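> turn this into a model:
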Amino acid sequence: MNYQIWGHTHRHAVEEILLHLLPDCAAGEGDDTGGDFCKSVLSVQGDTFTASASARVKGRCCEGKCIDTVKDGSDPLARKRLETELVKLAVYDAIVPAFRQPPVWGALTGVRPAKLARSLIERGRSPEETEAWLRERFYVSPERAALTMSAAKMAQEMDRKRSKNGISLYVGIPFCPTRCSYCSFISSAVGKNAALIEPYVEALCREVLESGALAKSLGMTVDSLYIGGGTPTTLSSIQLDRLLSALENAFDLSRLFDYTVEAGRPDTITLEKLAVLRAHGVTRVSVNPQSMDDEVLRLAGRKHTAQDVIERYMQVRETGFQSVNMDLIAGLAGDSPDGFAKTVDTLLDLGPENITVHTLAVKRGADLRDISANLAQQEQVGHMLAYAQNVLSAHNYHAYYLYRQKFSAGGFENVGWCRPGAENFYNVSMMEELQTVVSLGAGGVSKRVDRITGKIERFTNPKYPAEYLGAQERILQGKRRLLEK
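Residues are numbered from 1 along each chain as shown. Reported below is the predicted structural model:
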């Protein structure tokens, strides 16, 4: 879709709302050529802003208009915030009439809605006023507004809990037994990359030791540790033992709120590996079925069955782990609302402390046939998520963190559900950007969070294992520059 702007320079705001509403259409500044088109206009009189928009979508023409006054006209940030807000709302009002039904997240863009809710509360709104603002100002559905406030409340609790100089620590293992058909992460199938695993573990242990020394010199303490991927249990029990020993030697892990390892793929879990995790003090393990339908698993490229999931889950319990997470994905190929409901019910029978419900991102740039299919899938995914929310809530699970699917059809979300007291500190801290995160391994993104200003700076490790192996000195220098500021 081409768009034009008049009276302002908020191109990013216009593109963000367009891609939020029309993820299958590329948005770019350009002339009206007779196809889908949007024009955004902003006028300012003193402290009063008027945003208007006209749009043509699928041959239907509509207009939108929003007017508001900034409370503190001398604050440039407040003025800019209101300008971008009104620009988005006007475009939303001009485009939504072309839809069969409005998006469940309304005009709200961005991947961290709970962080926005917290900022509103910090600026003086009550939780009740904030929830009403989400519904009335941005047309967020009551269900999503409630999810947002639940996650925001938990983030506030975790923010009070964190240590004064605490950090979260992430360790990435970018290898999997096979690559799943839906995967968009930086991970390598073991088959053709097996020779990289041992040198990767050696390089990772070096980064662990060097980063630990740096963290200690800066007086940093570790609040939470998360080993993810990829599939960390792709490593052998000996390699896992070596890595976890390096972490213990490099960092003080005596005051962790939680210590998670993603066992992930059931076909990588063994009693020997579970014993290693227990011996090193791991407190939380993820066993991720994604679905409990064997045909759906086959189509996704998973080399395990639903029965394998149940057996490995029982092994995890028998080994003594008291906190287990299980991931599901709504929208997998071959799945249906009824099939997804059976998966949710099966997991509830197993009784893990955490159930994380992910939404499959629908591809962008689809042709017309794909767009029709995407709309149908969007409706199905909506039914799946509604079932999960209703049933999990009824079984004493609550939403403790969430993040949005950026630029995906339907604009749905990923939600972490847990039993009371089973909240994972790392997930909340990372998603809400509560504290500095030190990330180790290929593709790791370290973030320095200024506790006073909230400013965030980043350093990213090389993405791929082969690149990572030869970049140890550059990685250490980059982390030092980031953390010593």
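> tell me the domain boundaries of the chain?
With domains defined by automatic domain parsing, the chain comprises 1-99, 158-481.
> and the strands in the stretch 1-150 of the chain?
2-6, 28-29, 37-45, 48-57, 60-69 (DSSP state E, counting those that start in this stretch).
> with mean neighbour count and mean pLDDT added, can I get these in CSV?
Just so you know, the C-beta spots here come from the backbone N, C-alpha and C atoms, and that holds for glycine as well. Output for the strands of the stretch 1-150 of the chain, formatted as CSV (neighbours: other CB atoms under 10 Å; pLDDT from 0 to 100):
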stretch, mean neighbour count, mean pLDDT
strand 2-6, 16, 96
strand 28-29, 11, 92
strand 37-45, 18, 97
strand 48-57, 22, 97
strand 60-69, 15, 96
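> of those, which is nearest Lys463?
strand 28-29 (27.1 Å; CB to CB).
> show me the beta-bridge partners of the spatially closest residue to Thr33 that is not a sequence neighbour.
Counting by CB to CB, 6 or more residues apart in numbering, Thr33 lies nearest to Asn2, which is 6.5 Å off, once chain neighbours are set aside. Residues in a beta bridge with Asn2, per DSSP bridges, are Gly28, Phe37.
> mind listing what Asn2 touches?
For Asn2, the contact set (CB atoms under 8 Å, 6 or more residues apart in numbering) comprises Gly28, Glu29, Gly30, Asp31, Asp32, Thr33, Gly35, Asp36, Phe37, Cys38.
> and Gln405, what's its pLDDT?
pLDDT for Gln405: 75.
> correct me, but it touches Leu385?
No: using CB atoms under 8 Å, Gln405 makes no contact with Leu385, being 11.1 Å away.
> tabulate the domains of the chain (CSV), appending distance to Ala146.
Output for the domains of the chain, formatted as CSV (distance: least, CB to CB, whole Å):
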stretch, distance to Ala146
domain 1-99, 21
domain 158-481, 8
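> looking at these, spot the one closest to Val111.
domain 158-481 (4.4 Å).
> would you mind measuring the gap between the ends of that closest one?
28 Å (CA to CA, to the nearest Å).
> low-confidence ranges, this structure, go.
179-192, 361-376, 406-410 (pLDDT under 70).
> check which helix or strand covers the residue nearest the centre of it.
Nearest to the geometric centre of the chain sits Tyr403, at 4.6 Å (CA atoms, centre = their mean). In the assignment (DSSP states H and E), Tyr403 maps to strand 398-404.
> what's the first helix or strand after that strand?
Taking DSSP H and E, what comes next after strand 398-404 is strand 413-418.
> how big is the angle separating that next one from strand 398-404?
Between strand 413-418 and strand 398-404, the angle comes out at 160 degrees (axes from the mean of the first three to the mean of the last three CA atoms, to 10 degrees).
> mind giving me the packing neighbours of strand 413-418?
If contacts are counted by 3 or more CB pairs under 8 Å, 6 or more residues apart in numbering; DSSP states H and E, strand 413-418 sits against helix 142-161, strand 354-359, helix 368-394, strand 398-404.
> partners of the last one in the sheet?
Partner strands for strand 398-404, per DSSP bridges, with pairing direction: strand 413-418 (antiparallel).
> for the strand it pairs with, give me every contacting residue.
With CB under 8 Å, 6+ apart, strand 413-418 has contacts from 105, 144, 147, 353-359, 385, 388-389, 392, 397-405, 424, 427.
> ok, stretch 114-121 next?
So stretch 114-121 is contacted by 108, 110, 127, 130-131, 133-134, 148-149, 151-152, 155-156, 401-402, 431-433 (CB under 8 Å, 6+ apart).
> buried subset of those residues, written for ChimeraX?
Of the contacts of stretch 114-121, the buried ones go into a single ChimeraX selection, burial set by 16 or more other CB atoms under 10 Å:
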select :108,130,131,133,134,148,149,151,152,155,156,401,402,431,432
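> turn the helices and strands packed on strand 413-418 into TSV, including distance to Leu209.
Shown next, in TSV, are the helices and strands packed on strand 413-418 (distance: least, CB to CB, whole Å):
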stretch	distance to Leu209
helix 142-161	28
strand 354-359	31
helix 368-394	41
strand 398-404	31
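> of all the ones you listed, which lies closest to Ala194?
strand 354-359 (28.0 Å).
> ok, that closest one: who's next to it in the sheet?
Applying DSSP bridges, you get strand 324-330 (parallel), strand 413-418 (antiparallel) as the partners of strand 354-359.
> tell me the buried residues in the last one?
Think strand 413-418. So, applying 16+ other CB under 10 Å, buried residues of strand 413-418: Glu413, Asn414, Val415, Gly416, Trp417, Cys418.
> now, which of those residues sits nearest Lys463?
For these, the nearest to Lys463 is Asn414 (21.8 Å; CB to CB).
> how many residues are close by the nearest residue in space to that closest one that is not next to it in sequence?
For Asn414, the nearest residue in space outside its immediate sequence neighbours is His358; the separation is 4.6 Å by CB to CB, 6+ apart. By the measure other CB atoms under 10 Å, the count of residues near His358 is 21.
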